[in-house]
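> Give the three-dimensional model of this entry:
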Amino acid sequence: MEITAKHLKSARILLDCSQKDLAKHSGVSVPTIQRMESTSEGRVRGNYESVSKVQKALENAGIDFVDEPRGHGVLLKPHKGEHPNF
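Down below sits the predicted model:
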């Protein structure tokens, strides 16, 4: 699935996660997260490795990036208590 800036921002909001928190848990810098989220349309800006690290950190925290025939978006998987990474 092609991750967009809106997906990243939505995922952070669902997790109540700051850019600084996401940078810490993904291993990429805050400026990199800011660049990824500043893309106005289409795929996020950033190299493949950085985008993959951010996506994996969000998925590990309970985010599900959905790409289905009826639409695409971001879901927070059900979890008892707080999500583990954020």
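
> what are the ranges of the strands in the protein?
All strands of the chain, identified by DSSP state E, fall at 63-68, 71-76.

> of all the ones you listed, which lies closest to residue 14?
Of all the strands of the chain, strand 71-76 sits nearest to residue 14, with 4.4 Å by C-beta to C-beta. (C-beta placed from N, C-alpha, C; glycine too.)

> Pretty sure residue 54 sits against residue 26.
Yes. If you go by C-beta atoms under 8 Å, residue 54 and residue 26 touch, sitting 4.6 Å apart.

> Direction included, what does the helix or strand of the chain with the lowest mean pLDDT pair up with?
Ranking every helix and strand in the chain by mean pLDDT, DSSP states H and E puts strand 71-76 at the bottom, with a mean of 86. The pairing partners recorded for strand 71-76 under DSSP bridges are strand 63-68 (antiparallel).

> If we go by neighbour counts, what in the strand it pairs with is buried?
63, 65 (16 or more other C-beta atoms under 10 Å).

> residues making contact with it?
With contact meaning C-beta atoms under 8 Å, 6 or more residues apart in numbering, strand 63-68 is reached by 1-3, 7, 11, 14-15, 55, 58-59, 72-77.

> one step back: give me the distance from the least confident helix or strand of the chain to the chain's centre.
From the chain centre to the centre of strand 71-76 is a distance of 11 Å (C-alpha atoms, centre = their mean, to the nearest Å).

> Use 53 as the first number from now on
Happy to do that; since the first residue is 53 now, the last one works out to strand 123-128.

> neighbouring contacts of it?
Strand 123-128 is contacted from outside by 53, 59, 62, 63, 66, 67, 114, 115, 116, 117, 118, 135, using C-beta under 8 Å, 6+ apart.

> Pick out whichever of the residues you listed sits closest to residue 73.
Of the contacts of strand 123-128, the one sitting nearest to residue 73 (C-beta to C-beta) turns out to be residue 67, at 8.1 Å.
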